[in-house]
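>>> pasting a predicted model and its sequence here:
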Amino acid sequence: MEKIDFLAIGDIVTDAFIKIKDAHVHCKVDTDACELCFRFADKVPYESLEVIPAVGNSPNAAVSAARLGLNVALVTNIGNDQNGKDCLASLKNNKVITKYVAVEKGKKTNYHYVLWYDIDRTILIKHTEFSYSLPKLGKVSWIYLSSLAENSLPYHKEMTEYLKSNPETKLAFQPGTFQMKFGVKNLKEIYERTEIFFCNLEEAERILEIKERDVLTLSKGLEKLGPKTIVISDGPNGAYMYTNGELWYNPIYPDITPPLERTGAGDAFSSTFTAALALGKSPLEAFAWAPINSMSVVQQVGAQAGLLSR
């Protein structure tokens, strides 16, 4: 089997971007929580619709790494429907190896609705429960693990066994919603095997089950779970990297024009960082590369159109 530089594992989805203007955002006084509001029981006009196949945390990462020149494959599941076929075609067009994509009869490929308002988005999600199984793999330099459905806990055990059998393979972990819900105890061996861990400030608090905004405290807490390097993003405020007992800060890369919409900025950052390491760059070089791709992604609609070549 050919050696894979970057193997992304996670759910794939088609995103339907619905651009709206006839709405408003209501933010609560005592918290950071905001709500997107429409008129109830009425016809609300939308400006445009753009359907983008083969996205999701891991597929976005795969396309990002492929654009940067790595030999990339994706392990994911699709249904035997038109959306699945469109996802496969898009991956192949982006030079991502698709032989590890499992097609399941009678199931629907994930399809999400993205309500695009101003420069941000609210996503209506529904995860199909696929029959996850790790395919037979050859040598892999890096595994990039991200969002999977609620029934995927046993699947993580399969990955753990592969990592035990292949100690030279490095793991980058960007947990999705259900992976955080599983809790640290259920994914203990995944955390312990992680080379580099990605999350945002709020996710770090959720994972550690603490109320704490101090990045150094959060970084040390996550490091105790096993990951060697911790990267915590803070949206437009930049990102932090904790490695070898040092905490580094990097602001966002200056936008060439105001952001169009922010979908995929985090995926671009995490995948570019990992791809740079796979290309032999140092963690500091990787930390410098990552925000450039994020800046480029937010200039276009969706998570992949703005991804850069090396």
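Noted; the coordinates are in hand. In this text, all values refer to a predicted model and were calculated from it rather than measured experimentally. Numbers count the residues shown, from 1 in each chain.
>>> helices or strands next to the strand or helix carrying Pro291 in the packing?
According to DSSP states H and E, Pro291 maps onto helix 283-297. The contact analysis (3 or more CB pairs under 8 Å, 6 or more residues apart in numbering; DSSP states H and E) places helix 283-297 against strand 239-243, strand 246-250, helix 265-278. Glycine gets a C-beta too; all of them are placed from N, C-alpha and C.
>>> now with 6 Å?
Packing partners of helix 283-297 (3 or more CB pairs under 6 Å, 6 or more residues apart in numbering; DSSP states H and E): helix 265-278.
>>> tell me the contacts of Ser152?
Tyr132 (CB atoms under 6 Å, 6 or more residues apart in numbering).
>>> what does the helix holding Pro291 contact?
Helix 283-297 is contacted by residues 241, 243, 250, 252-253, 255, 264-265, 268-269, 272-273, 276-277, 306, 308 when judged by CB under 6 Å, 6+ apart.
>>> same question for stretch 97-106.
With CB under 6 Å, 6+ apart as the criterion, stretch 97-106 contacts 73, 75-78, 80, 88, 91-92, 130, 135.
>>> send me it as PDB with only the CA atoms.
Extracted in PDB, the C-alpha atoms of stretch 97-106 (Å, rounded to 0.1, in the frame of the first residue of the first chain):
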ATOM      1  CA  ILE A  97      -7.700   9.500  -2.100                       C
ATOM      2  CA  THR A  98     -11.200   8.100  -1.700                       C
ATOM      3  CA  LYS A  99     -10.600   4.300  -1.500                       C
ATOM      4  CA  TYR A 100     -11.400   4.400   2.200                       C
ATOM      5  CA  VAL A 101     -14.800   6.100   1.800                       C
ATOM      6  CA  ALA A 102     -17.500   3.500   2.800                       C
ATOM      7  CA  VAL A 103     -20.800   3.600   0.900                       C
ATOM      8  CA  GLU A 104     -23.700   2.300   2.900                       C
ATOM      9  CA  LYS A 105     -26.900   1.300   1.200                       C
ATOM     10  CA  GLY A 106     -30.200   2.600   2.500                       C
END
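>>> about what we covered before: whichever of the contacts of helix 283-297 end up buried, select them in PyMOL.
A single PyMOL command selects the buried members of these (16 or more other CB atoms under 10 Å):
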select buried, resi 241+243+250+252+253+264+265+268+269+272+273+276+277+306
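>>> quick one: the helices in the stretch 51-200 of the chain?
57-67, 82-93, 153-165, 177-186, 188-193 (DSSP state H, counting those that start in this stretch).
>>> can you redo the ones you listed as CSV with distance to Asp22, mean pLDDT and mean neighbour count?
Shown next, in CSV, are those (distance: least, CB to CB, whole Å; pLDDT from 0 to 100; neighbours: other CB atoms under 10 Å):
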stretch, distance to Asp22, mean pLDDT, mean neighbour count
helix 57-67, 29, 98, 28
helix 82-93, 28, 98, 18
helix 153-165, 41, 97, 15
helix 177-186, 29, 96, 14
helix 188-193, 43, 98, 18
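>>> looking at those helices, which is closest to Thr31?
helix 177-186 (19.4 Å; CB to CB).
>>> OK, contacts around His112?
13, 15, 123, 125.
>>> before we move on, back to that, any idea of the mean pLDDT in the helix holding Pro291?
In this model, helix 283-297 has a mean pLDDT of 97.
>>> can you tell me which of the contacts of helix 283-297 is closest to Tyr113?
Nearest to Tyr113 among those is Gly264, at 16.1 Å by CB to CB.
>>> surely the closest one meets Asn60?
Yes. The pair Gly264 / Asn60 is scored as a contact, 5.4 Å apart, by CB atoms under 6 Å.
>>> joint contacts of these two?
Listed as contacting both Gly264 and Asn60 by CB under 6 Å, 6+ apart are Ala303.
>>> just the buried residues of the helix holding Pro291, please?
Neighbour counts over helix 283-297 (16+ other CB under 10 Å) mark 283, 286-287, 289-297 as buried.
>>> run a quick neighbour tally on Glu246.
By the criterion of other CB atoms under 10 Å, Glu246 has 10 neighbours.
>>> got any ranges where the protein has weak pLDDT?
By pLDDT under 70, the weakly predicted segments of the chain are 1.
>>> could you rerun that using 90?
Low-confidence segments of the chain, defined by pLDDT under 90: 1-3, 27-33, 118-121, 125-127, 138, 235-236, 255-256, 258-264, 301-302.
>>> center of it, which residue is that?
By CA atoms, centre = their mean, the mean C-alpha position of the chain lies nearest to Asn57, the distance being 2.8 Å.
>>> in contact with that residue, which residues?
Contact analysis of Asn57 by CB under 6 Å, 6+ apart lists 10, 146-147, 267.
>>> next: Phe17.
Contacts of Phe17 by CB under 6 Å, 6+ apart are 50, 114, 116, 301.
>>> closest one of these to Phe38?
Trp116 (13.5 Å).
>>> which residue, neighbours along the chain excluded, lies closest to the closest one?
For Trp116, ignoring the flanking residues on the chain, the nearest one in space by CB to CB, 6 or more residues apart in numbering is Lys19 at 4.6 Å.
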